[in-house]
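Visitor: When you get a sec, could you give me coordinates for this:
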Amino acid sequence: MIKQFFIHLFVLALLTANSNLAWSGGDAELGQAVAQKWCATCHLVSDSQTTASADVPTFRSIAAKYDDNTDALAAFLADPHPPMPSLSLTWNQIRDLVAYIGSQR
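Guide: Predicted coordinates:
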């Protein structure tokens with residue numbers, strides 16, 4: 001529990017050093033590939049996807065939820081909580097994934 005707190009604190013410190021780093025620094029096309037590989041099993045990640053779990057948010061709804069706080073989304077992806085699996089994404093993958101999620105607005 002304390003370890004997670006410090007991880008979140010560290011991630012937020014890194015991200016707030018450059019406001020909206022995740023939106024501005026990511027490549028949405030690369031993020032789409034990450035989403036299709038790691039997220040599409042549960043989440044609806046694009047309009048062309050035909051199946052997803054009904055009880056998890058779509059990327060469009062996640063984009064709306066984090067519209068004003070992309071740093072929090074990046075921090076969440078850096079250290080996800082159950083029921084999400086631990087994906088161990090790199091910083092570049094997180095930035096790209098957040099850029100892709102933002103493109104779904």
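
Visitor: if I look at residue 31, how far off is residue 82?
Guide: Per Cβ to Cβ, to the nearest Å, residue 31 is found 23 Å from residue 82. (Glycine included, C-beta is placed from N, CA and C.)

Visitor: So the two - more neighbours on which side?
Guide: residue 31 (27 against 6; other Cβ atoms under 10 Å).

Visitor: Name the nearest residue to that one, sequence neighbours excluded.
Guide: residue 100 (2.9 Å; Cβ to Cβ, 6 or more residues apart in numbering).

Visitor: For burial, what's the neighbour tally of that neighbour?
Guide: The tally of other residues near residue 100 (other Cβ under 10 Å) stands at 25.

Visitor: Can you list the neighbours in contact with the helix or strand containing it?
Guide: Take DSSP states H and E as the rule and residue 100 turns out to sit in helix 91-103. The contact list for helix 91-103 (Cβ atoms under 8 Å, 6 or more residues apart in numbering) reads 21-23, 25-32, 34-35, 39, 45, 59, 62-63, 66, 70, 73-74, 77-78, 89.

Visitor: residue boundaries of the helices in this structure?
Guide: 2-16, 21-25, 28-34, 59-65, 70-78, 91-103 (DSSP state H).

Visitor: Now residue 73. Nearest residue, chain neighbours left out?
Guide: Nearest residue to residue 73, sequence neighbours excluded (Cβ to Cβ, 6+ apart): residue 66, at 4.1 Å.

Visitor: which ones are touching that neighbour?
Guide: Counted by Cβ under 8 Å, 6+ apart, residue 66 has contacts 72, 73, 101.

Visitor: if I look at the second one, how far off is residue 80?
Guide: I take that to be residue 73. Distance from residue 73 to residue 80, by Cβ to Cβ: 11 Å.

Visitor: Looking at the two, which one has more neighbours?
Guide: Of the pair residue 73 and residue 80, residue 73 is the one with more neighbours under other Cβ under 10 Å, namely 22 against 13.
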